[in-house]
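# next come a sequence and a model predicted from it.
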4 protein chains.
Amino acid sequence: MKNTFGNNISVTLFGESHGEAIGAVLDGIPAGVEVDLEFIRKQLDLRRPVGKISTPRSEADKFQLVSGCFNGKTTGTPICIVIPNENTHSKDYSSSYGKARPGHADYTAFCKYNGCEDYRGGGHFSGRITAGLVAAGAIAIKMLDSKNIKIGTHILKCAGVFDDSFKNINDELDALNNKAFAVINDDKGKQMIENIEKAAAKGDSVGGILETVVTGLPVGVGEPWFDSLESVLSHGLFSIPAIKGVEFGQGFNCADMLGSEMNDSFKLDNGEIVTETNNNGGINGGISNGMPLVIKCAVKPTPSISKEQNTVDFINNENTVLSVKGRHDPCIVHRARVVADSVVAITLCDVLSQKFGTDWFGED
Amino acid sequence: MKNTFGNNISVTLFGESHGEAIGAVLDGIPAGVEVDLEFIRKQLDLRRPVGKISTPRSEADKFQLVSGCFNGKTTGTPICIVIPNENTHSKDYSSSYGKARPGHADYTAFCKYNGCEDYRGGGHFSGRITAGLVAAGAIAIKMLDSKNIKIGTHILKCAGVFDDSFKNINDELDALNNKAFAVINDDKGKQMIENIEKAAAKGDSVGGILETVVTGLPVGVGEPWFDSLESVLSHGLFSIPAIKGVEFGQGFNCADMLGSEMNDSFKLDNGEIVTETNNNGGINGGISNGMPLVIKCAVKPTPSISKEQNTVDFINNENTVLSVKGRHDPCIVHRARVVADSVVAITLCDVLSQKFGTDWFGED
Amino acid sequence: MKNTFGNNISVTLFGESHGEAIGAVLDGIPAGVEVDLEFIRKQLDLRRPVGKISTPRSEADKFQLVSGCFNGKTTGTPICIVIPNENTHSKDYSSSYGKARPGHADYTAFCKYNGCEDYRGGGHFSGRITAGLVAAGAIAIKMLDSKNIKIGTHILKCAGVFDDSFKNINDELDALNNKAFAVINDDKGKQMIENIEKAAAKGDSVGGILETVVTGLPVGVGEPWFDSLESVLSHGLFSIPAIKGVEFGQGFNCADMLGSEMNDSFKLDNGEIVTETNNNGGINGGISNGMPLVIKCAVKPTPSISKEQNTVDFINNENTVLSVKGRHDPCIVHRARVVADSVVAITLCDVLSQKFGTDWFGED
Amino acid sequence: MKNTFGNNISVTLFGESHGEAIGAVLDGIPAGVEVDLEFIRKQLDLRRPVGKISTPRSEADKFQLVSGCFNGKTTGTPICIVIPNENTHSKDYSSSYGKARPGHADYTAFCKYNGCEDYRGGGHFSGRITAGLVAAGAIAIKMLDSKNIKIGTHILKCAGVFDDSFKNINDELDALNNKAFAVINDDKGKQMIENIEKAAAKGDSVGGILETVVTGLPVGVGEPWFDSLESVLSHGLFSIPAIKGVEFGQGFNCADMLGSEMNDSFKLDNGEIVTETNNNGGINGGISNGMPLVIKCAVKPTPSISKEQNTVDFINNENTVLSVKGRHDPCIVHRARVVADSVVAITLCDVLSQKFGTDWFGED
């Protein structure tokens, strides 16, 4: 299923950056879930460019729920979200067709689609397609919220600066989820932004690491082997453009740890079984253990930079140089954060509905 | 699909560590592929315990291809591989039921399966189940090989020691694929083994990082979004027990790189389009760009350690201590390597057959 | 996958009869397939009401391909077809909510969706949703046509009248595919229409049988067991509202035949292997044998009739009577025919792309 | 998924008639379901040859549950059922390779698998493979039974003789499910058997129609469009070899009915909503309406007949004649009945677990 993800609850993406519209079809959502248009609007705004460190292409991301909602609630049938494309500057791109932008999918798309790809603005590979995912994810986030499952992401690291760690997750999540630049420590956020601006001034870009946490997930959710929580979450997360690494809990750190350090000891805490540490990121054997899920995603620096780069013109089959023009972000880490939340939310709704049935979310 | 993975080509796993048999069903393999029993045998041996640094449980892993093969070739119908369990010491485990081994799935399995799980030796969560995956993967590796697509994995890091980097991948792959302890530099391998033995002597265990490379993959394979190469490969790889991180190319390093450093410039090399660097690990926009795939997996230290650990007895609901007895590996990194190869091979066969059709592999 | 069908090539449906729009997402279509807007238009017209024997609700079915097409060709990425709803008379329906129309999904939808369903005009259960399927199917039909695989359907029986049998399939298919009322013998078609009108005059409706044939399908396509041609074709066909039976070749007739009558003898015909008869409808063991596929679908009489019927008001939980008002078809057999063609075409494109790869359709 | 069927609950088939073993992997079954080995045994016996009207190949169908069961209950992990092949007479078949048996998959398998198919005894196309399906189905039937959902099938018609119709379904189901030749009226059964024997005496075979009913299915189960109950049930049923037609309720009869006759009026019956008639076979809009499911399957006469038939030798590419030797059934209708029950049961368990979650079956 190329552009469809999920089993009981699934999302299908469509659209190109400079086509008529982009969007998503979200299927399997039970009937009777309240549709909070304001929240969808807010989530889309968090994905949109903000200020100097983002592309000046300003789009309202006007979305339409053309199906699946009735009287303010879901009907149980597919929810199609259409986001018309506006304010497209196709001329910016057409002249450079054939000159493969390094780090982008221009060349691979050309090979895969035999030169029939819609190359304008990255076409179907554009980060803009994530808007449909974010709108769909907003519905999933609200569903989880109704079951007291909370999701949030902060910028763990960006442009060489580390954010603080979580101290009191649930409190910090609320704050984070309302920030345009999602850091726990705003001073660190300022340093990140300064560094982003410095890179931008040199025609360059920066990357970073997102840390997503989920609290309130019941114990016993997920599967061994191919539907392990790690498997299905990483499947979704790696579909976000620019993500080049995904880890759970200590992730790559565990290579340097001893078993006695890495193992999370269990203990009784007011009659509830918890772990002393959370090095496994809330997952044992692919299944949730009741501790917060901790997921980290590496986001590469935006490949679109104005600095001159060597490349190949694959139409004329010759070496050439390229300076990417047009409107670009020197950093997309802060924008990708709400996409990560959305993917995690949709995935968890699917996994939960396998265990409890799709009807579960409709219950009080 | 809980224990089934893949679309056109799929694998289904079954079995528990101390049940009657474990195995796999490999479906979608085209007819006429030669079945090299010796190679399957060899791959299973690479997964098996070797020497002091592995569990003394010695099993021949006698496998039977009970279907799908006829006259030494595949028939095109499902290949069921059955590996009977022998030499099982169930008594080692039964007395400790209820005492959750930290880092293991004992507690999550208990919650998920309501106490009906086969707890003996980790049951369905046991690393032993990977034997079926390795046998199935051996067939996939041979299929890729017939199309000049080579796969291999080395232990990039283990017990604090780094292996050398690849210099001439294809030569090194051949050598690696015949080593029981897969390092490029055998001196580094000796240091790793010494460190593993030191940890073992203290009743502890160590982890590491595997680096898998694939050469010869055609350009234009994979999909944008949910079937990106990163998505489907990570889905498979995270199903391997103990893997807590997966990254492609520079992976988490990219968080500290500038766009101008991370971007892989294209150039013409004897008329062929290649990249100067391979920071994106052979994948742009989810699609292969003709450079080697580079995949790294973080393998956590074996959770079974004889050191005493705090834990909970979830049957009696009380705090307790535990020292894991029985036969255990102080390190599984070197054993996991052939599992990683197998998962990558099966996944790529599936992805390739989507583009070229399952018949492609049968052609000359 | 509730509203998604297919593997390598898939279609996702969305929309409600009186919502903002209906439509479909067609994914997996290779790049470079010419998109014939006129043909899509024509197919949608064949699905639309015609004359006295159809509902007077007249809709142009204005469709938009909002993604997946560029410069008149497919891009290889999802094709989203949006068909806005116009000319909706929602007031016709709202007053009767709760009175379950016999033969319709009102009551089952109410139970499934806990009263949150969009009940207007049948909502997501409306036959109108098939317009998206027909637009998607038009693309699939053209793809098959480029490989010399032809599809067509005639009204084998309607309102008690039988059409003639096929004599020279390929010639008759061309003629059929351009008729609004698809019969081989137009005199029989007139009798059918007269009988439909008679039933309509009494406030009643009629059903019929569609016979779909496919020529040019290569030998060896399909699978044993769960992906048998019969399995996947029937899966798609039974998703068309009002279809209550599907059979292949002799179908239910075979219950009264001897093996020696039913078996299709093979013979050489100008060096090619064919069968003397085609009682198995072109399928042996789930796999195409090179003879035309022959598929019959039973279409029930339209459940919406103006005759008074007993029913239950499930809101007030009381017996009541109902006379279905509004605009209704006394027969949908002639309209369902192009839906059957569409489903068969999409299904066969998927099956063929599994064997030959999605790239096959792009080749000359 | 070629040999895998289902979503939350799935079954994978493997094996060839004369290979080492056949079997099935049943996945997604919740933990804690009691495994009734006696019932599996009994179901397999119902599928096995009985008396004169079946093949003298007598096999005990000794099955092994090699995984997924522990202490008499399911563990929640894949249940692999292995049935070793015994008593195989491979010599009966090998000499005739190349002579396509009419009505069989010999020729289509040869084309699909390029001559690499295991042709002995029909290989993977053999009806024997249904034994794995029956063993898996036995577990599903028991799961449904624990929720008071009953399934049963009678031979509605065979060799020209009709059985009686159901009068009191639940009582008759109990009786039917214990009969080797499943008819409501045993006198009719005797006539059928006589006619089967007559056909057999002439070296010929007969077909028939199976009618399967399901009672106790909750209202509101199933989906509109591609996961309609009709779609998923027919998908499964058409995977049974020899089934050439599937219909629900009145099925093909509805072509001759008026809407006023076909529509099932609703009424209150002791406060419960039921329908007066059940022409729609318990399904409206793809969703269960609380009435019994009524499904009919057309079973073609066994293609293996000893009568001489014209055919082609596809190895030597010449016309030839063939008289099928070996051990064959003059009728498989009575044997297919327990396969139909099994397919319906597995499918319904899957559909129910989508709505209610897999945990539902484990609850009291």
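That came through fine. Numbering: from 1, shown residues only, chains lettered A, B, ... in the order given.
# contacts and neighbour counts: CA atoms only from here.
Noted.
# mind listing residues that contact stretch A:12-20?
A:3-5, A:21-26, A:84-85, A:88, A:90, A:118, A:120-126, A:128-129, A:132-133, C:25, C:66-68, C:77-80 (C-alpha atoms under 8 Å, 6 or more residues apart in numbering or on different chains).
# same for the helix or strand hosting A:Lys244, what does it pack against?
Applying DSSP states H and E as the criterion places A:Lys244 in strand A:243-248. Applying 3 or more C-alpha pairs under 8 Å, 6 or more residues apart in numbering or on different chains; DSSP states H and E, one finds that strand A:243-248 contacts helix A:229-237, strand A:293-299, strand B:243-248.
# please repeat the previous calculation with a cut-off of 10 Å.
strand A:208-215, helix A:229-237, strand A:293-299, helix A:333-356, helix B:229-237, strand B:243-248, strand B:293-299 (3 or more C-alpha pairs under 10 Å, 6 or more residues apart in numbering or on different chains; DSSP states H and E).
# got the CA positions of whichever helix or strand comes after that strand in CSV?
On the C-terminal side of strand A:243-248, the closest following helix or strand by DSSP H and E is helix A:259-262. C-alpha atoms of helix A:259-262 as CSV (Å, rounded to 0.1, in the frame of the first residue of the first chain):
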residue,chain,number,x,y,z
GLY,A,259,22.9,-5.1,30.5
SER,A,260,22.8,-4.2,34.2
GLU,A,261,22.6,-0.5,33.2
MET,A,262,20.2,-0.8,30.3
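# do helix A:259-262 and chain B meet?
Yes: on the criterion C-alpha under 10 Å from any C-alpha of the partner chain, helix A:259-262 is in touch with chain B at A:Gly259, A:Ser260, A:Glu261, A:Met262.
# and the third one, what's its pLDDT?
Reading off the per-residue confidence, A:Glu261 sits at a pLDDT of 98.
# how close does the nearest residue in space to A:Gln354 that is not next to it in sequence get to B:Glu117?
Once flanking residues are discounted, A:Gln354 sits nearest to D:Gly357: 5.5 Å by C-alpha to C-alpha, 6 or more residues apart in numbering or on different chains. Distance, D:Gly357 to B:Glu117, by C-alpha to C-alpha, to the nearest Å: 19 Å.
# beta-bridge partners for A:Leu26, please?
Counting by DSSP bridges, A:Leu26 is bridged to A:Val11, A:Ile79.
# tell me the contacts of it?
A:4-6, A:9-13, A:67-68, A:77-81, A:132-133, A:135-137, A:139-140, A:346, C:3, C:14 (C-alpha atoms under 10 Å, 6 or more residues apart in numbering or on different chains).
# which of these fall within helices?
Applying DSSP state H to the contacts of A:Leu26, the entries found in helices are A:Gly132, A:Leu133, A:Ala135, A:Ala136, A:Gly137, A:Ile139, A:Ala140, A:Ile346.
# now do the contacts for the first one.
Residues touching A:Gly132, when contacts are defined by C-alpha under 10 Å, 6+ apart, comprise A:11-15, A:22-26, A:44, A:61, A:63, A:80-83, A:138, A:339, A:342.
# kindly report the residues of the stretch 251-364 of chain A close to chain D.
Residues of the stretch 251-364 of chain A lying close to chain D (C-alpha under 10 Å from any C-alpha) are A:Leu352, A:Ser353, A:Gln354, A:Lys355, A:Phe356, A:Gly357, A:Thr358, A:Asp359, A:Trp360.
# change it to 8 Å
A:Ser353, A:Gln354, A:Lys355, A:Phe356, A:Gly357, A:Thr358, A:Asp359, A:Trp360 (C-alpha under 8 Å from any C-alpha of the partner chain).
# following element in sequence after the helix or strand of chain A with the lowest mean pLDDT, please.
Of all helical and strand segments in chain A, the minimum by mean pLDDT, DSSP states H and E falls on helix A:91-94, at a mean of 64. Using DSSP H and E, the helix or strand that directly follows helix A:91-94 along the chain is helix A:106-113.
# who touches that next one?
Against helix A:106-113 from outside (C-alpha under 8 Å, 6+ apart): A:98, A:100-101, A:115-117, A:119, A:122, A:314, B:219-221, B:284-285, B:287-289, C:30-32, C:75-76.
# then stretch A:30-39?
A:69, A:72-77, A:138-139, A:143, A:358-359, A:361-362, C:113-114, C:116-117.
# switch to 6 Å and redo it
When contacts are defined by C-alpha atoms under 6 Å, 6 or more residues apart in numbering or on different chains, stretch A:30-39 is touched by residues A:Gly72, A:Lys73, A:Thr74, A:Thr75, A:Gly76, A:Thr358, C:Tyr113, C:Cys116.
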